[in-house]
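In: Predicted model and sequence below, questions to follow.
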Amino acid sequence: MIEYKAYHKKSLGKAKKRPHAARKKGKEKGAPPARINFRQVLPVAAAILAIVLVTAAGAAVYSWLGHSRLFSVRDIDMNRCAYVTRDEVSGILSGVPQGNIWSLSSRDIGRRLLSHPWVRSVSVRKAFPDRLVVRIEERKPLAMINLDALYYVDEQGTIFKRLTAHDPKNFPIVTGFSRADLTARDAVTLQNLRRTLELLRCTESGVLRQNVSEVHFDAQEGYTLVTRDSGLQLKIGMMEFREAMRRVEVAMPKLSSLGQARSVIDLKTAGRIFVRAGE
């Protein structure tokens, strides 16, 4: 009985080794480094190298295209214009850096062409290898406006060009407006100018067709139309334009029978025509 207890006491006193303790000890000594798997790395490296080579080749090709004489602009395909000449367009484009079609910017060319006073809108398209297609919409002058010098004004009321000795002058003259008010973009002045141009459009048919040399605006007296042939001053005031044209249609045959040139004709009173000598 005594031997049995001793045997078990001795065996129970021994400490058992824990499995995790051994693993911890192994960590303290240091785990072996992980090996690089070249089979996985090589495809990635090859892809990166291919991208770098393609990018470099593309840059080289683009540089060659941008400097090759093969793509130098040799022809400008331009629509026929009344006021913008091919030489003027070529002169404007001569200031564009580099004449290679790859390096030219269509937007930059269009912006340069818009600096021409007669150009209302423009589109530019590249036609490879060496041609530019230019389509220009010109401004159409409706009248000339007297602002200490004569300027063209289009149907939208845009004053776009000072007349030179070579510009055609067979347009009606608009008078009575101030350069300062127009430059300041005064809202009332701009509205009156647009109404003046509307009145001019109303005279494009009927007895006054191609027979208006001047339309004068006065804030107090209203509108006065001056005829080309005999210099009659037709005062219509601020009445509605359609009614004014109706009174002119009635008055002109009667006035032609009088044979008085440069007279002042007051049409502001309905049913009456007042005539006095011109000033």
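Out: Structure's in. What do you need?
In: C-alpha from now on. contacts and neighbour counts both.
Out: Will do.
In: Now do the strands in the chain.
Out: Assigned strands in the chain, in chain order: 75-78, 119-127, 131-138, 141-146, 150-154, 159-162, 173-175, 212-218, 222-227, 233-237, 264-266, 274-276 (criterion: DSSP state E).
In: Take those and write them to JSON lines, including mean pLDDT and mean neighbour count.
Out: Shown next, in JSON lines, are the strands of the chain (pLDDT from 0 to 100; neighbours: other C-alpha atoms under 10 Å):
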{"stretch": "strand 75-78", "mean pLDDT": "88", "mean neighbour count": "14"}
{"stretch": "strand 119-127", "mean pLDDT": "92", "mean neighbour count": "16"}
{"stretch": "strand 131-138", "mean pLDDT": "92", "mean neighbour count": "18"}
{"stretch": "strand 141-146", "mean pLDDT": "97", "mean neighbour count": "21"}
{"stretch": "strand 150-154", "mean pLDDT": "97", "mean neighbour count": "21"}
{"stretch": "strand 159-162", "mean pLDDT": "96", "mean neighbour count": "16"}
{"stretch": "strand 173-175", "mean pLDDT": "98", "mean neighbour count": "21"}
{"stretch": "strand 212-218", "mean pLDDT": "97", "mean neighbour count": "20"}
{"stretch": "strand 222-227", "mean pLDDT": "97", "mean neighbour count": "21"}
{"stretch": "strand 233-237", "mean pLDDT": "96", "mean neighbour count": "23"}
{"stretch": "strand 264-266", "mean pLDDT": "94", "mean neighbour count": "20"}
{"stretch": "strand 274-276", "mean pLDDT": "90", "mean neighbour count": "13"}
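In: Need these in CSV (columns: distance to R194).
Out: As requested, these are arranged in CSV below (distance: least, C-alpha to C-alpha, whole Å):
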stretch, distance to R194
strand 75-78, 32
strand 119-127, 18
strand 131-138, 20
strand 141-146, 11
strand 150-154, 10
strand 159-162, 11
strand 173-175, 11
strand 212-218, 11
strand 222-227, 13
strand 233-237, 16
strand 264-266, 23
strand 274-276, 28
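In: Which residue is the nearest non-sequential neighbour of K235?
Out: Spatial nearest neighbour of K235, chain neighbours left out: T224 (4.4 Å); criterion: C-alpha to C-alpha, 6 or more residues apart in numbering.
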